[in-house]
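Structure, please.
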Amino acid sequence: MNKERFSFLFFMALLLGAIYFSKTLQAPFLDFSHTIKSTYNHLTQSISNTLEKHFNQAQTIATQKEKLLEYKQTHLMSHQFAAELTALFQEYNTSIKIKPEVALARTLSYANFGDITKVWLDFPEFNSSKIYGLVHNGLAAGIVIERQGKPLALLNIDRKSAYAVFIGASHAPGIVHGNGAKELLVEYIPTWKKIEVGDEVFTSGLDQLFFPGLKVGKVISINKSQGYQNALILPYYDATNPKYFHIIRKIQ
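The predicted model follows:
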């Protein structure tokens, strides 16, 4: 071993010994070490907290979505209950029958490019021989029919989307359907029934497609034609971004 190498090793031994036995010399090295450890611990904890927060949020969102869907279905059922209860108070001898069947359906796509009045639905329990009432957030949104053996939703603004309604406090009966525009048209309203601009339009349930009392829209103008009144209404349901609907499979 040459002298220079021996001197270097001897110097390192003295330095390490001094560091080991001297608190003054140890302090900078310990501080540096602690800083690295602290930074590492904070970083790993931060990552862990972020991941935990992310997964908790994802779980919370999923849970809230499930609760929201349950709420919407319960909300629809409450409409039928209210209608039956009203009939009970009016007639006293009415028996309450609350056995609604409501299914959730997801929108797949528009039926035709550039036409927002019709959408294909993912509805496995679809019966092609039936017509169904379509509901979105407690509002009447249209009907579901068969097309090419598949469920096709005709939204309110479609001209062929038609169902029975009442208007205002007089419960003036009529048939609502799309008008090829943003507004809807209610036809065949008896002339002896008083209706006014601002009256609310709601489902009558007489066609067995909807629960009675689901909101449709408000009257914005009235005219008479061929022995009947017609009412132009502004619908409550906005068909610009349909994603999920409830389908009324059976009223009672």
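
quick one: contacts for residue 230?
Shown in contact with residue 230 (CB atoms under 8 Å, 6 or more residues apart in numbering): 185, 186, 187, 189, 222, 223, 224. C-beta: built from backbone N, CA, C; applies to glycine.

Contact partners for the fifth one?
For residue 222, the residues meeting the contact criterion (CB under 8 Å, 6+ apart) are 195, 196, 197, 229, 230, 231, 232.

how far away is the third one from residue 139?
For residue 197, the distance to residue 139 equals 20 Å [CB to CB, to the nearest Å].

And these two? Which one has more around it.
residue 139 (18 against 12; other CB atoms under 10 Å).

Report the contact partners of that one.
214, 215, 216, 236, 237.

Could you report the distance from the nearest residue to it once chain neighbours are set aside to residue 194?
Computed as CB to CB, 6 or more residues apart in numbering, the closest residue to residue 139 that is not its neighbour in sequence is residue 237, at 4.4 Å. Noted for residue 237: a distance of 26 Å to residue 194, by CB to CB.

and the nearest residue to residue 200 once chain neighbours are set aside, how many neighbours?
Spatial nearest neighbour of residue 200, chain neighbours left out: residue 218 (5.7 Å); criterion: CB to CB, 6+ apart. Residues within reach of residue 218, counting by other CB under 10 Å, total 17.

in which helix or strand would I find the nearest residue to residue 150 once chain neighbours are set aside?
Nearest residue to residue 150, sequence neighbours excluded (CB to CB, 6+ apart): residue 120, at 6.4 Å. Using DSSP states H and E, residue 120 maps to strand 115-122.

That strand: what's the following helix or strand?
strand 132-136.

Mind checking what secondary structure residue 50 has?
helix (DSSP: H, G, I helix; E, B strand; the rest coil).

Distance check, residue 128 against residue 149.
6 Å.

actually residue 109, not the one I typed
The value you get for residue 109 to residue 149, if CB to CB is used, is 16 Å.

Which stretches in the stretch 51-200 of the chain count as strands?
Applying DSSP state E, counting those that start in this stretch to the stretch 51-200 of the chain gives strands spanning 101-112, 115-122, 132-136, 139-147, 150-155, 162-167, 172-178, 184-190, 200-203.

Same list, these, but as CSV with distance to residue 244 and mean pLDDT please.
As requested, those are arranged in CSV below (distance: least, CB to CB, whole Å; pLDDT from 0 to 100):
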stretch, distance to residue 244, mean pLDDT
strand 101-112, 6, 87
strand 115-122, 10, 90
strand 132-136, 8, 94
strand 139-147, 11, 95
strand 150-155, 11, 94
strand 162-167, 20, 97
strand 172-178, 21, 96
strand 184-190, 22, 96
strand 200-203, 20, 96
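
who's more crowded, residue 128 and residue 149?
Taking other CB under 10 Å, residue 128 and residue 149 do not tie; residue 128 has more neighbours (11 against 7).

Any buried residues in the helix or strand where residue 221 lies, and which?
Assigned by DSSP H and E, residue 221 falls within strand 215-225. For strand 215-225, burial by neighbour count (16 or more other CB atoms under 10 Å) applies to 215, 216, 217, 218, 219, 222.

and what of stretch 198-211?
199, 200, 201, 202, 203, 204, 205, 207, 209, 210, 211.

Same question for stretch 176-186.
176, 177, 178, 179, 183, 184, 185, 186.

now stretch 135-146
Neighbour-count burial for stretch 135-146 [16+ other CB under 10 Å]: 135, 136, 138, 139, 140, 141, 142, 143, 144, 145.

This structure - how does it break down into domains?
The chain breaks down into these domains under automatic domain parsing: 1-97, 101-250.

ok, of these, where does mean pLDDT dip lowest?
Per-stretch mean pLDDT for these is lowest at domain 1-97 (a mean of 56).

hang on, the earlier thing: can you say which two of the buried residues of stretch 135-146 are spatially most distant?
Maximum pairwise distance among the buried residues of stretch 135-146 (CB to CB): 22.0 Å, between 138 and 145.
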